[in-house]
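Peer 1: Need coordinates for the following:
(one chain, ligands or ions: 1)
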Amino acid sequence: MKLDTACIHGSKDNNHKTGAVCTPIYQSATFAHPSVGESTGYDYSRLQNPTREQLEKTIARLESGVDALAFSSGMAAISCINELFCPGDEIIASDDLYGGTVRLYDYITIKNGLKIHYVNTGDHRALSEKITDKTKAVFVETPTNPMMHVTDIRLVKEIIGSRDIYLIVDNTFLSPYFCNPLSLGADIVVHSGTKYLGGHNDTLAGFLVVSNHELAEKLRFIHKTTGASLSPFDSYLMIRGIKTLALRMERAQENALKIAQWLREQKKIVSVNYVGLPDHPGYEISKKQSRGFGAMISFETDSKETALQILQQVNLIQFAESLGGVESLITYPILQTHADVKKETQRRLGINDRLLRLSVGVENADDLTEDLKQAIG
Ligand SMILES: Cc1ncc(COP(=O)(O)O)c(C=O)c1O
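Peer 2: Predicted structure coming up:
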């Protein structure tokens, strides 16, 4: 079954007998046992729920994983991974990560005795030099949020070699429709399902997809014990959103390329970061490891005033955090998504008061450029 078909039919629940075309919402916290020592396979919804199970099967299929786990948010999913490690263990992470992941690492993970090293995971010498016997995981986001740096996943796997180090890839920006990191050597794929998978800016969710059963078992134990499982209703909304993933990704990407090209021609726009532009430094790597470039753009304006004016003046495009939905959203990373990233890191990465991030939705591209045009002035 091809990926676009799996988006629609991957959640087919073959167990129910009603012929319902859509997976029902099993809004039940608990399930009765037929007799002592017997189970229907469902005991309690924190552990298993039929709606969530169908969603998990779909995600596992889309990412070619052996198992997928659904969480109440992307951050809950990333937090679950951290429970695999012990005090003294070290994680190497991309230095340009979603700010919430940095906040988790810098304020909570560290407190629990883990050490985080940030490196440019696209710089293979820097990555090799950081690996020690204490390294237990390399956490890669590609393309990165918000600077759109691309990491060669296969190469990171090559550097890790046969060492006992998990390669974790946050695939939120590309979604399984454009990239499947497990097939490139990753052990765990992370998704903020809140973004492209859900696709409608109406539901928080997170996923982990794993490459082998042993790891799946460890994560399932943490998942059911710590309890951030996705609710049946939110699981249903996710299943519904995923049905149009292929259509949305294609349209959003088409729009993003048009808008990135248009932005480049504007006098008040100094630079545009979009992986789908052939002169983007990550373009060739992306072509090798993914089937598309996604629809996330960041761009630098000529002044803070221009950046603020755009945020103030956009009408159709909404000034709001998040990304990956049908509605185009614009954010100000320095004050929003990346506010908790250390000042020195912000400076080094280029996250400044002139940088804006645009999540291109599926509206008509001409309407989006019209809106940007009047906002830039
Ligand atoms: C790349 C990336 N990973 C993880 C997350 C966290 O996901 P959530 O907001 O669903 O907790 C986000 C949120 O913006 C993100 O952009």
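Peer 1: Surely Lys373 is within a strand?
Peer 2: No - membership of Lys373 in a strand is not supported by DSSP: H, G, I helix; E, B strand; the rest coil, which gives helix.
Peer 1: Counting neighbours, what do you get for it?
Peer 2: When neighbours are counted by other Cβ atoms under 10 Å, Lys373 registers 11. The C-beta positions use only the backbone N, C-alpha and C, and glycine is treated the same way.
Peer 1: Equivalent analysis for Glu83, please.
Peer 2: Residues within reach of Glu83, counting by other Cβ under 10 Å, total 15.
Peer 1: Over to the one 5 residues further on?
Peer 2: Applying other Cβ under 10 Å, we find 10 residues neighbouring Gly88.
Peer 1: so what's it up against?
Peer 2: Taking Cβ atoms under 8 Å, 6 or more residues apart in numbering, we find Gly88 in contact with Gly113, Leu114, Lys115, Lys134.
Peer 1: Once you drop chain neighbours, what's closest to the residue of the chain at minimum distance from the ligand?
Peer 2: Going by Cβ to the nearest ligand atom, the ligand is nearest to Gly74 of the chain, at 2.3 Å. Leaving aside its sequence neighbours, Gly74 sits nearest to Ser192 (Cβ to Cβ, 6 or more residues apart in numbering; 2.9 Å).
Peer 1: Could you do Asp164 as well?
Peer 2: Lys136 (7.5 Å).
Peer 1: sorry, back to before: out of the contacts of Gly88, which are buried?
Peer 2: Leu114, Lys115 (16 or more other Cβ atoms under 10 Å).
Peer 1: so which of the contacts of Gly88 comes closest to Glu327?
Peer 2: Leu114 (36.7 Å; Cβ to Cβ).
Peer 1: Could you list the residues of the stretch 201-350 of the chain in contact with the ligand?
Peer 2: Residues of the stretch 201-350 of the chain lying close to the ligand by Cβ under 6 Å from any ligand atom are Leu204, Gly206.
Peer 1: What residues of stretch 150-163 count as buried?
Peer 2: Of the residues in stretch 150-163, those buried (16+ other Cβ under 10 Å) are Val150, Thr151, Asp152, Ile153, Arg154, Leu155, Val156, Lys157, Ile159, Ile160.
Peer 1: Mind putting these into CSV with distance to the ligand, secondary structure and pLDDT?
Peer 2: Shown next, in CSV, are these (distance: Cβ to the nearest ligand atom, whole Å; DSSP: H, G, I helix; E, B strand; the rest coil; pLDDT from 0 to 100):
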residue, distance to the ligand, secondary structure, pLDDT
Val150, 14, coil, 96
Thr151, 13, coil, 97
Asp152, 18, coil, 97
Ile153, 15, helix, 98
Arg154, 20, helix, 98
Leu155, 21, helix, 97
Val156, 17, helix, 97
Lys157, 20, helix, 97
Ile159, 22, helix, 96
Ile160, 21, helix, 97
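Peer 1: Outline the domain layout of this structure.
Peer 2: According to automatic domain parsing, the chain comprises the domains 3-242, 245-376.
Peer 1: picking that back up, elements contacting the host helix or strand of the residue nearest to Asp164?
Peer 2: When elements are assigned from DSSP states H and E, Lys136 belongs to strand 135-141. Helices and strands touching strand 135-141, by 3 or more Cβ pairs under 8 Å, 6 or more residues apart in numbering; DSSP states H and E, are strand 90-94, helix 153-160, strand 166-170.
Peer 1: Tell me the strands beside that strand, with direction?
Peer 2: strand 90-94 (parallel), strand 166-170 (parallel) (DSSP bridges).
Peer 1: what about those strands, which gets the closest to Asn352?
Peer 2: Counting by Cβ to Cβ, Asn352 lies closest to strand 90-94 out of these; the figure is 19.2 Å.
Peer 1: what about the helix or strand following that closest one, near the ligand?
Peer 2: Next in sequence after strand 90-94, counting helices and strands by DSSP H and E, comes helix 99-104. Yes - Helix 99-104 lies within reach of the ligand by Cβ under 6 Å from any ligand atom, at Gly100, Thr101.
Peer 1: Tell me the first helix or strand C-terminal of helix 99-104.
Peer 2: As assigned by DSSP H and E, the chain's next helix or strand after helix 99-104 is strand 115-119.
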